[in-house]
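Chemist: need a 3D model of the sequence below.
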Amino acid sequence: MVHTLDRASLKAQCRELLQTAQVSPKGLTALYCGLSLVLNLVDYAAGSFASNGGPELLSMFASVFTMLAGWILATGFALYCMGIRQREIMDYGTLFDGFSFTGKIIALNFVMNFFICLWSMLFMIPGVIAYYRYRFALYNLCENPGLSVMEALDMSKRQTQGWKLELLKLDLSYLGWIVLSLLPALYVDGRLYLQVLSDPSVLLTASSSLTEIIVCGIWSLAVSLFFLPNYQCVNLDCFDAAKAAVSGGQPFHRTDGPDDLGSF
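Modeler: Residues are numbered from 1 along each chain as shown. Now for the predicted structure:
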């Protein structure tokens, strides 16, 4: 069964809901994006140190650490939006609540990205379908940290049946904001791409400058204030609707496994 969403109505409802939050959504979004920028700067500093004769292992460790910390902060942001939708008072510390089940968050992201990568190797479209198929896995884990990684993935697989196309349309409706938030980064990536095209020998050494990283991070932070909380809350609305369509959102037994692609 294919489901439909009234995206305009959902966005309007979420805007009104966010205005009732005790802790400013823009304030928490600024904290989230600011910490993400700090992680990028740590990664940059470690990479620069390694390129100047420092241990390469340090750069690798920093890259892995910042990636894992980013996953945990993203979970905290989702938990904040979940609490707002339930009319709870969510403070800034909610952003760090993901550390209480760090292991499962990391395992879920690794397994999820592994499956998406496998399907993407076949062709782009299967990869896109797999991405939307696991869209609700993190939300399932946030609601019930006692779930196993595979249970969270299986539940998302069931919940997104008939919703994938609507989730794609939802993302496309935010495309303008997303592109706007990435404009400086797109410029920097384009410059590096042209640099490598003109001189392939710099392929391994071409990188963004510290100033470019800071400018890109601050620009992304500023733009995200205006759409990211709403985007997250609308996704959670879709999650609740999908749960209601699948036996009230109750857990279920595995059928054909999380790596079966399924359909839209």
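Chemist: in the stretch 1-150 of the chain, which spans are helices?
Modeler: Listed in chain order, the helices of the stretch 1-150 of the chain (DSSP state H, counting those that start in this stretch) span 7-18, 25-51, 56-85, 102-122, 124-133, 137-143, 149-159.
Chemist: among these, which comes closest to Val179?
Modeler: Closest of these to Val179 is helix 25-51, at 16.7 Å (criterion: Cβ to Cβ). In this view, the C-beta of every residue, glycine as well, is placed from N, C-alpha and C.
Chemist: what about the closest one, distance to the chain center?
Modeler: Average the C-alpha atoms of helix 25-51, do the same for its chain, and the two points are 15 Å apart (Cα atoms, centre = their mean, to the nearest Å).
Chemist: for that helix, give the mean pLDDT please.
Modeler: In this model, helix 25-51 carries a mean pLDDT of 92.
Chemist: of all the helices of the stretch 1-150 of the chain, which one comes closest to Pro200?
Modeler: Here helix 25-51 is closest among the helices of the stretch 1-150 of the chain (Cβ to Cβ), at 18.5 Å.
Chemist: buried sites along the closest one?
Modeler: 25, 28-29, 31-33, 35-37, 39-40, 43-44, 46-47, 50 (16 or more other Cβ atoms under 10 Å).
Chemist: before we move on, what about stretch 127-139?
Modeler: Buried, per 16+ other Cβ under 10 Å, within stretch 127-139: 127, 129-139.
Chemist: what's the answer for stretch 107-117, then?
Modeler: Those would be 107-109, 111-112, 115-116, for stretch 107-117 by 16+ other Cβ under 10 Å.
Chemist: hang on, the earlier thing: Serialize the helices of the stretch 1-150 of the chain to TSV and add fields for distance to Phe96.
Modeler: Shown next, in TSV, are the helices of the stretch 1-150 of the chain (distance: least, Cβ to Cβ, whole Å):
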stretch	distance to Phe96
helix 7-18	21
helix 25-51	9
helix 56-85	6
helix 102-122	10
helix 124-133	27
helix 137-143	14
helix 149-159	21
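Chemist: sorry, back to before: tell me the one of the buried residues of helix 25-51 nearest Asp240?
Modeler: Pro25 (18.6 Å).
Chemist: got the contact list for the closest one?
Modeler: Pro25 sits next to 18, 84, 229 when contact means Cβ atoms under 8 Å, 6 or more residues apart in numbering.
Chemist: about what we covered before: need the buried residues of stretch 127-139 in TSV (columns: pLDDT).
Modeler: Compiled in TSV, the buried residues of stretch 127-139 are given as follows (pLDDT from 0 to 100):
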residue	pLDDT
Gly127	90
Ile129	93
Ala130	93
Tyr131	94
Tyr132	95
Arg133	95
Tyr134	96
Arg135	96
Phe136	97
Ala137	97
Leu138	97
Tyr139	97
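Chemist: which one of the residues you listed is nearest Ala69?
Modeler: Leu138 (15.5 Å).
Chemist: how far away is that closest one from Met121?
Modeler: As judged by Cβ to Cβ, to the nearest Å, Leu138 and Met121 stand 23 Å apart.
Chemist: ok, the nearest residue to Glu143 once chain neighbours are set aside to Ala241 distance?
Modeler: Once flanking residues are discounted, Glu143 sits nearest to Met82: 7.5 Å by Cβ to Cβ, 6 or more residues apart in numbering. Distance of Met82 to Ala241, computed by Cβ to Cβ: 15 Å.
Chemist: who has more neighbours, those two?
Modeler: Using other Cβ atoms under 10 Å as the criterion, Met82 and Ala241 rank with Met82 on top: 20 against 16.
Chemist: Leu95: neighbour count?
Modeler: 22.
Chemist: pLDDT weak spots in the stretch 51-200 of the chain?
Modeler: Scanning the stretch 51-200 of the chain for pLDDT under 70 picks out no residues.
Chemist: please redo it, this time with the cut-off set to 80
Modeler: 51-54 (pLDDT under 80).
Chemist: tell me which residue is most central in this structure.
Modeler: Ala74 (6.2 Å; Cα atoms, centre = their mean).
Chemist: tell me the contacts of that one?
Modeler: So Ala74 contacts 98, 138 (Cβ under 8 Å, 6+ apart).
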